[in-house]
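In: show me the folded form of this:
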Amino acid sequence: MAKPVEGLEITRLSPDDIDGAIVAIQQAFADDPFADWIYDRSRFSPRRNHASMTIRMRWGLRNGHVFVAHTPEKRCAGVAMWVAPKPLDAKPTWDDWWQDWALWFRQVGMNARFGRGGLKVKRYYLWKECQARMHSQVLTNPEGYWFCNILAIHPSCQGKGIGKALMQAVFETADADGIPCYLESSKFEPNVKIYERMGFRFVKEIKCDDGEGACTLFSMIRDPVVKVVEEDSEEAESIKDGKAAAE
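Out: Below is the predicted model of the structure:
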């Protein structure tokens, strides 16, 4: 088990953290199978990707739960973006509607300025279709799920327990509310085993294949951990002692 970094600090993302968080994400996903599948690497534009991620991070400031890890040597050594749970039958609010359209317009403006930056649009929509199909099959909890859609640790900081510390920031809330957590990965080794050590279980895989190349998504769920209340333990111990005395 990795020994946690001394002086590690987990905070909410601030506007000043955005650039550092994006660098961590870009470095962590440099060899990711999904990124290789959805981008033409020969035409990949770091500037366009940075602009896209900036839009996403700013959306996260308003709508998500984004945590960053700071070490004494490196600010934004890791980042985790979570989307809070919503009941499966909940209808979008006016605010949801507005935020979705605002995000869409920002992305259109970005594309007008930077182009697609190597993004394979056909594969992007195929991925969204496959992801929606998988969600319809595995997401069954009526109260919804905490969805971790980004977990990235800078390569120079991996293997030090930073990812687990970032996840724990939401695990505590999820466990207290009895809500499961959900994530997806396009890399089976070593990611699935790493997430299993965090309490996730593998539930399903789905292949996105456009006839020219394929990418497999592995979905995982972490069930809420029910903690034994101290008072209940004391009560159970008292009952046990009472039975022993009676005998």
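
In: switch to C-alpha atoms for all contacts and neighbour counts from now on
Out: Will do.

In: hey, where'd the helices end up in this protein?
Out: Ranges of helices in the chain, per DSSP state H, are 18-28, 33-38, 46-63, 94-114, 121-138, 162-177, 191-197, 230-246.

In: ranking those by burial, who's on top?
Out: Of all the helices of the chain, helix 18-28 carries the top mean neighbour count, a mean of 21, counting by mean count of other C-alpha atoms under 10 Å.

In: so that helix versus helix 46-63, what angle?
Out: Calculated by axes from the mean of the first three to the mean of the last three C-alpha atoms, to 10 degrees, helix 18-28 forms an angle of 120 degrees with helix 46-63.

In: grab the most central residue of this structure for me.
Out: Cys148 (2.1 Å; C-alpha atoms, centre = their mean).

In: for Leu8, find the nearest of the helices of the chain.
Out: helix 162-177 (7.9 Å; C-alpha to C-alpha).

In: so which residues make contact with that closest one?
Out: Outside helix 162-177, the residues within contact range by C-alpha atoms under 8 Å, 6 or more residues apart in numbering are 4-5, 8, 10, 67-69, 78-80, 146, 151-153, 180-181, 198, 224-226.

In: shaky segments in the protein?
Out: Scanning the chain for pLDDT under 70 picks out the ranges 1-4, 99, 101, 104, 228-247.

In: one more time with 50
Out: In the predicted model of the chain, residues 1, 236, 238-240, 242-247 satisfy pLDDT under 50.

In: show me the contacts for the closest residue to Arg106 other than its chain neighbours.
Out: Using C-alpha to C-alpha, 6 or more residues apart in numbering and skipping residues adjacent in sequence, the residue nearest Arg106 is Ile55, 7.1 Å away. For Ile55, the contact set (C-alpha under 8 Å, 6+ apart) comprises Leu103, Arg106, Gln107.
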